[in-house]
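Peer 1: Sequence first, then the predicted structure, then my questions.
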Amino acid sequence: MNTSRILLGFAACAAIGAALGILFAPDKGTETRRKIAEKSNDMAGSIKDKFTDLVDEVKEKFSGLKSDAEDVAEKGYSAYNRSKSEINSF
């Protein structure tokens, strides 16, 4: 999760830097607003993509953990049944 915070911080700083660069550029107001809208749309898309990647990664890790837990549970259940049959056979 630390990596996601770093990426989010980097994206936020890049957005702020881009906005400041556009605001201090010697363009007309309409041109500046258009540039800001384009950059904000680009950044929103980038953040959305990164968030989707993060969610997919978390889902993948959770799925792996779930599979491991099911394997452990199955092994425990099998061992329990073996022990139970051994006790009943005495």
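Peer 2: Everything's here; your move. Residues are numbered from 1 along each chain as shown.

Peer 1: starting at the chain centroid, how far to stretch 36-43?
Peer 2: Its chain's average C-alpha position is 22 Å from that of stretch 36-43, according to CA atoms, centre = their mean, to the nearest Å.

Peer 1: Dump that stretch to CSV, keeping only the CA atoms.
Peer 2: Taking Å, rounded to 0.1, in the frame of the first residue of the first chain, the C-alpha atoms of stretch 36-43 are listed here in CSV:
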residue,chain,number,x,y,z
ILE,A,36,-6.6,23.2,-17.6
ALA,A,37,-9.6,21.1,-18.6
GLU,A,38,-7.5,18.9,-20.8
LYS,A,39,-4.9,18.4,-18.2
SER,A,40,-7.4,17.6,-15.5
ASN,A,41,-9.2,15.1,-17.8
ASP,A,42,-5.8,13.5,-18.5
MET,A,43,-4.9,13.3,-14.8
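
Peer 1: buried ones in that stretch?
Peer 2: Residues Lys39, Met43 are the ones in stretch 36-43 that count as buried (16 or more other CB atoms under 10 Å). All C-beta spots, glycine's among them, are computed from the backbone N, C-alpha and C.

Peer 1: Now do the same for Glu74: its pLDDT.
Peer 2: On pLDDT, Glu74 comes in at 88.

Peer 1: got any ranges where the chain has weak pLDDT?
Peer 2: For the chain, the stretches flagged by pLDDT under 70 are 1, 90.

Peer 1: Thanks a lot, catch you later.
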